[in-house]
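Peer 1: Fold the following.
(chains A and B)
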Protein chains: 2
Amino acid sequence: MKSDNLEKQINNLADRAKEASFLLLNTSQEKVDKCLITISELLDSKKEQILEANKKDIKLAKEKKLSQPMIERLTLSDKAFNSMKEGLKIVAGLPSPVGSIFDERKRPNGLNIYKMRVPIGVIAIIYESRPNVTIDAASLCLKSRNSVILRGGSEAFLTNKALANIICEACKICELPVNSVQLIPTTERRAIDLLLKKEDKIDLVIPRGGEGLIKTVVEKSHIPVIKHYKGVCHVFVSRYADMNKAIPIVINAKTQRPAVCNAMETLLIDKELSYENKKKIIDELLNNNVTIFGDKEIKKFSSLIKPATKEDWYAEYLDLRLAVKTLNGIEEAIEHINTYGSHHTDAIVTESQEEAEKFLQLVDSSSVMINASTRFSDGGEYGMGAEIGISTDKLHARGPMGITELTTYKWIVKGNGQIRT
Amino acid sequence: MKSDNLEKQINNLADRAKEASFLLLNTSQEKVDKCLITISELLDSKKEQILEANKKDIKLAKEKKLSQPMIERLTLSDKAFNSMKEGLKIVAGLPSPVGSIFDERKRPNGLNIYKMRVPIGVIAIIYESRPNVTIDAASLCLKSRNSVILRGGSEAFLTNKALANIICEACKICELPVNSVQLIPTTERRAIDLLLKKEDKIDLVIPRGGEGLIKTVVEKSHIPVIKHYKGVCHVFVSRYADMNKAIPIVINAKTQRPAVCNAMETLLIDKELSYENKKKIIDELLNNNVTIFGDKEIKKFSSLIKPATKEDWYAEYLDLRLAVKTLNGIEEAIEHINTYGSHHTDAIVTESQEEAEKFLQLVDSSSVMINASTRFSDGGEYGMGAEIGISTDKLHARGPMGITELTTYKWIVKGNGQIRT
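Peer 2: I've put the predicted structure just below:
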């Protein structure tokens, strides 16, 4: 098969990324941190240029009659702009995990063996319309000294290009490899297919976006993928719950920011909880404008409650809708969560140590919580400084992925002439 | 698309494996360890039955005129049989990583957050003819409380079935879930294709075998794969080498067991090493019956030396052949290794601290060694007790994979009613 121009372009891009990744191994952390600060400064001094590009993208999007939420995601508001700038400074100030050593052991033959934390190499990030991901993803990958290939949504192409140019300029100023951060220079869809076959040059792909995008990437990729699937998060209120904890947790998990992946989507209530306590929870939810889809028992509490179907147990509403189910104790709750959930974040409210222990042992999710709101499932809240997403995968990184999760390790073996016998 | 019988069979098998994985979360480590010992005892008491099955496989293989090395790999020798039995006892005696906690942190809001080591879930192992892998893989997966789906080579089908029956019997005796270990009950190739699409039930696939098998699995799998590719391992003898270390290391790395992945395949020699020292190395290799493929400078040392072509720098010979190249110092050596190597295991022989440091920073391999034979790259030698293979991947597990590498973690968040503001 003859390779066409696009194929050559992607091959060259991947080659350059791999080369840059080797150069980054030999680049000091000081230079990298200085580069992040420089990007932040350039964002300031070149704000007009960037907003100009963003306006053009928005104009094209309107001509193409893209939906209003899509145009909102595409728009670089002052808030989004400042958060990019501040994010860069925060990441620059975080300690670097690269070079740290762990799992050290001295062997009887005198070999000194340990693991050393190192960058993964080349990371490709495929994302949808929000252009701030260009800066956020690049900063985390650079901080962990990986080279990165970015492919944003086609509707944000000009904005992403303007941002990538700034990153490139900062790399030059701070003597980082110029190809440390590369944007795929085309909106052709086939570019992604070609990229996903470069398993000899690219070490990891992270798709950030809807389920459709992630599934396509997983199907086509020969490169390892870390998936950030949806969050169908549960709170289980046990018969042993303290209601002074249960009600604030339930309301917070659902209503504090319903559009995000760590918001509660299904509430499970122990049948043995008293009628009054059940009623308190339901009333409080209704008072907070939550639309409830409930099972038979829940429906009895109010005519406002709609009947739940099987689809509701799988649903990620991302708004003020909520599925509510009654269950016979903790075993049924665990089974429901492991069957219908998305293995993201699940919480129990209970004062029973035994129940809490069982819940955290048997619920198969990236974060399992006792007496706390699911909304805490987040890199910042876990003290990681910044996150590239919340992995719903089980390999390499589970839950919030920070800088450390963008690294791997190698084994170092130090000898004095040892041979194997 | 209507699903046929084979598809139903594979779906059911995957469902049962997932179910067993949840039951294993609730199974004590004592029971698991007792089960491993019981398998070992049953191997003894049912040895005749197993050897009977093995003889049938060998007879069929001979009728199909399979190659002699293939038949050898298929044959359960007394040595292979004892090593299965002893391996089980060793694994039973190892400490379990499941349940251990790490990365603990107390947050300003009072949340207590840590990671807990847990099984991965369901692991599929796809391997070639050696039937002892059935026992070795099952024991490591069980020890780490994963359920496992095994698919061995079709030529070992009857032997694998006999071994899987014994494992199943031991699971029953020791009250482990009966579907903890399942063998795919057919030799149809399409069963693998179907299995590799069960990403909702299977968490990890490990292919063990030749490059062709691994590539096919990577291309077809929707499930994360950890690859165990070939080992093109290097030793670089620097101008600063102590020859009393260099010569034993070179000879050991090449000749101690040439057929394995951590044997040296390419020797790199610093041009600045003295003529006498170069000659000593070459003579010693020739004295040890090594066939050398050398560059121009190396060819001068003996008429026995064959000319190396570019293919030799990529070659994994797995016998007493060796590629030898002279290079201008450590930078060229690192570049050669990162370009032509397989990122498995590479060693430098040097007395220069500066060179050693540079080598371990910049060589992009799973194991990087200073003044030691590449042959040490092995789970046993690293003190891991047992290994399922040597990962050439960068994600999740790199280098020797032991029991800990067959686990993942979840985040545990313990609160007292905290909500997010």
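Peer 1: So which bits of the stretch 1-150 of chain A are right by chain B?
Peer 2: A:22, A:25-26, A:105, A:107, A:111, A:113, A:116, A:120-121 (C-beta under 8 Å from any C-beta of the partner chain). C-betas here are computed from N, CA, C, even on glycine.
Peer 1: Helices of the stretch 51-200 of chain A, start to end?
Peer 2: Ranges of helices in the stretch 51-200 of chain A, per DSSP state H, counting those that start in this stretch, are A:68-74, A:78-93, A:132-143, A:157-173, A:190-195.
Peer 1: The stretch 1-150 of chain A: strands as residue ranges?
Peer 2: A:101-106, A:112-119, A:122-127, A:147-151 (DSSP state E, counting those that start in this stretch).
Peer 1: Now do the shortest one, average pLDDT.
Peer 2: The predicted model gives strand A:147-151 an average pLDDT of 97.
Peer 1: How about residues contacting it?
Peer 2: If you take C-beta atoms under 8 Å, 6 or more residues apart in numbering or on different chains as the criterion, strand A:147-151 is touched by A:13-14, A:17-18, A:20-21, A:24, A:121-127, A:134, A:137-138, A:141-142, A:160, A:164, A:177, A:179-184, A:191-192, A:195, A:202.
Peer 1: please redo it, this time with the cut-off set to 6 Å
Peer 2: A:17, A:20-21, A:24, A:122-126, A:134, A:138, A:141, A:180-184 (C-beta atoms under 6 Å, 6 or more residues apart in numbering or on different chains).
Peer 1: so where does A:W411 fall, helix or strand?
Peer 2: strand A:407-418 (DSSP states H and E).
Peer 1: Export only the CA atoms of that strand, formatted as CSV.
Peer 2: Provided in CSV are the C-alpha atoms of strand A:407-418 (Å, rounded to 0.1, in the frame of the first residue of the first chain):
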residue,chain,number,x,y,z
THR,A,407,4.6,8.7,34.4
THR,A,408,5.8,5.1,34.5
TYR,A,409,8.9,3.5,36.1
LYS,A,410,12.0,1.6,35.0
TRP,A,411,14.0,-0.9,37.0
ILE,A,412,17.5,0.1,37.8
VAL,A,413,20.0,-2.7,38.7
LYS,A,414,23.4,-1.6,40.1
GLY,A,415,26.1,-4.2,40.3
ASN,A,416,29.7,-4.7,40.7
GLY,A,417,30.4,-7.3,38.0
GLN,A,418,27.7,-9.8,39.0
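Peer 1: Return the distance of it from the chain's centre.
Peer 2: Centroid separation for strand A:407-418 versus its chain: 32 Å, with C-alpha atoms, centre = their mean, to the nearest Å.
Peer 1: now do stretch A:58-76
Peer 2: On C-alpha atoms, centre = their mean, the centre of stretch A:58-76 falls 24 Å from that of its chain.
Peer 1: Is A:V217 in contact with A:P207, as I believe?
Peer 2: Yes: counting by C-beta atoms under 6 Å, A:P207 is a contact partner of A:V217 at 4.2 Å.
Peer 1: Compare the two and say which one has the larger neighbour count.
Peer 2: A:P207 (26 against 21; other C-beta atoms under 10 Å in any protein chain shown).
Peer 1: a helix runs through that one, doesn't it?
Peer 2: No: using DSSP: H, G, I helix; E, B strand; the rest coil, the assignment for A:P207 is strand, not a helix.
Peer 1: Next up, the contacts around it.
Peer 2: Counting by C-beta under 6 Å, 6+ apart, A:P207 touches A:126, A:213-214, A:217.
Peer 1: For those, pick the one with the most neighbours.
Peer 2: Busiest of the contacts of A:P207 [other C-beta under 10 Å] is A:I126, holding 24 neighbours.
Peer 1: Run through the strands of the stretch 151-300 of chain A in chain order.
Peer 2: Per DSSP E, counting those that start in this stretch, the stretch 151-300 of chain A carries strands over the ranges A:181-183, A:204-208, A:233-237, A:264-270, A:291-294.
Peer 1: and the stretch 301-421 of chain A, which of its residues are near chain B?
Peer 2: A:360, A:362, A:367-373, A:375-376, A:382-383, A:394-396, A:398-399, A:408, A:410-420 (C-beta under 6 Å from any C-beta of the partner chain).
Peer 1: just checking, A:A356 touches A:M369?
Peer 2: No: A:A356 is not in contact with A:M369 according to C-beta under 6 Å; the separation is 9.8 Å.
Peer 1: Looking at these two now, which is surrounded by more residues?
Peer 2: A:M369 (32 against 22).
Peer 1: pLDDT (mean, whole number) over the strand holding A:W411?
Peer 2: Strand A:407-418 shows a mean pLDDT of 98.
Peer 1: That strand - contacts with which helices or strands?
Peer 2: Applying 3 or more C-beta pairs under 6 Å, 6 or more residues apart in numbering or on different chains; DSSP states H and E, we find strand A:407-418 packed against strand A:112-119, strand B:367-372.
Peer 1: Report the inter-axis angle for that strand versus strand A:101-106.
Peer 2: Using axes from the mean of the first three to the mean of the last three C-alpha atoms, to 10 degrees, the inter-axis angle of strand A:407-418 relative to strand A:101-106 is 20 degrees.
Peer 1: got the contact list for strand A:407-418?
Peer 2: A:97, A:109, A:111-120, A:144, B:245, B:360, B:366-372, B:394, B:398-399.
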